[in-house]
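Participant: Kindly generate the corresponding structure for this input.
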Amino acid sequence: MTTIPVDILEHIVDILASDDDQGSIKACSLMCHSLLHFCRRHIFKTIIVGTHSSDDKQPASLIPLFCRLICNAPHIADYVRILTMGIHDDSARLCSKYPEFAYVLGQFNHIQSLTISDPMHSGAQQGLSWDCIQPLFQKAILHLVQFDTLTSLCLGSIRLPVTMMKLSPSLRRLELDNVQPLTFEVEDTAATSNSKPLCLQEFKVDSGSSVVVNTILSVRRSEGLHAFDFNSLRSFQASWNSQDGIDASRNVLMRATHLVTFELTGDVMALTTMYIY
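Facilitator: Numbering: from 1, shown residues only. This is a model prediction of the structure:
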């Protein structure tokens, strides 16, 4: 009987993953034990929990299922690279009912892309505030943010301390949608050894985030350097409906000396006041 080399099997699974053929990958994972590791790497690469991603379940109802999955099979957390998490009033209350939620988040040690948003609010609606999140849950989120592996952070419809964003030592992409700043700081633990400013390469901002953008531009590290270095910024996308947003974009452009791509959309009347020198 002819056997197929393991590296060939791995390559086949990778091809199926590149075609986004999840059905075939799941079928392969059931064929033999040799394929299980390669398939799990793609099956569990992306985890979405607490959002409107499910058609027949309320967002918060997925959280206990998520906790059960990771508690029963903690090794699955090692495969996850992209985590999208909805935090809203329901999920905040569930943290009391399911204290293992914070424990589960602490099992993820290889996250590369993290999205945190309040799916119940959008646009100009005020989202969940960081100070309304239970301390144990806050600690779990900071655990995710402070990893060297994290390169992309997306935040939506939430009020939080800007200092939280500077705790990601390898952050290269930052996306903000209706994010409001809070004035107090969060505890800097694992990131204290990161003495260099964060060199963003991609920056995307949408309506309602003009104040936090200006705050990001002004925040400094303990040694006096800017916490965010925009000299390496290559792509900047902004969508504004107010003069404040236009002013925030202008402030970013003044710091982005090596910008390659700039995309600006929004209210026509506001855009007419935008002058780029």
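Participant: Where does pLDDT dip in the chain?
Facilitator: The chain contains residues with pLDDT under 70 at 1-2, 21, 51-61, 89-95, 121-126, 184-195, 268-277.
Participant: measure S24 to Y79 for me?
Facilitator: 18 Å (C-beta to C-beta, to the nearest Å). Heads up, the C-betas are built off the backbone N, CA and C, glycines and all.
Participant: what does L233 give?
Facilitator: Taken as C-beta to C-beta, the span from L233 to Y79 is 31 Å.
Participant: When these two are compared, which one has more neighbours?
Facilitator: Under the neighbour definition other C-beta atoms under 10 Å, L233 and Y79 were set side by side, and L233 has more, 25 against 18.
Participant: ok, and the more buried one, which helix or strand is that part of?
Facilitator: Take DSSP states H and E as the rule and L233 turns out to sit in neither a helix nor a strand.
Participant: Next: S157.
Facilitator: For S157, the element it lies in under DSSP H and E is strand 152-161.
Participant: next one: that strand to chain centre, how far?
Facilitator: Computed by C-alpha atoms, centre = their mean, to the nearest Å, the separation of strand 152-161 from the middle of its chain amounts to 8 Å.
Participant: Mind listing residues that contact it?
Facilitator: Strand 152-161 is touched from outside by 87, 112-119, 121-122, 125-130, 145, 165, 168, 171-186, with contacts defined as C-beta atoms under 8 Å, 6 or more residues apart in numbering.
Participant: next one: stretch 237-246
Facilitator: Stretch 237-246 is contacted by residues 203-207, 209-211, 248-249, 252, 261-267, 270-271, 273-274 when judged by C-beta under 8 Å, 6+ apart.
Participant: If any of those residues are buried, put those into a PyMOL selection.
Facilitator: What follows is the PyMOL syntax selecting those of the contacts of stretch 237-246 that are buried according to 16 or more other C-beta atoms under 10 Å:
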select buried, resi 203+204+205+206+207+209+210+248+249+252+264+266+270+274
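Participant: Distance from stretch 71-80 to the middle of the chain?
Facilitator: Averaging C-alpha positions (C-alpha atoms, centre = their mean) puts stretch 71-80 19 Å from its chain's average.
Participant: Use 7 as the first number for this chain going forward.
Facilitator: In the new numbering, first residue 7, that becomes stretch 77-86.
Participant: hey, C-alpha coordinates of that stretch in PDB?
Facilitator: The C-alpha trace of stretch 77-86 is given here as PDB (Å, rounded to 0.1, in the frame of the first residue of the first chain):
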ATOM      1  CA  CYS A  77     -12.400  24.300  28.900                       C
ATOM      2  CA  ASN A  78     -13.000  20.800  27.500                       C
ATOM      3  CA  ALA A  79     -10.200  21.100  24.900                       C
ATOM      4  CA  PRO A  80      -7.800  23.800  26.000                       C
ATOM      5  CA  HIS A  81      -5.300  22.800  23.300                       C
ATOM      6  CA  ILE A  82      -7.600  24.400  20.700                       C
ATOM      7  CA  ALA A  83      -6.600  27.800  22.000                       C
ATOM      8  CA  ASP A  84      -3.100  27.200  20.600                       C
ATOM      9  CA  TYR A  85      -4.500  27.200  17.000                       C
ATOM     10  CA  VAL A  86      -6.400  30.500  17.300                       C
END
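Participant: What are the buried residues along it?
Facilitator: Residues of stretch 77-86 classed as buried: I82, A83, Y85, V86 (neighbour count, 16+ other C-beta under 10 Å).
Participant: returning to that earlier point: just the ones of the contacts of stretch 243-252 in strands?
Facilitator: Counting by DSSP state E, the contacts of stretch 243-252 place F209, K210, V211, T267, F268, E269, L270, T271, G272 in strands.
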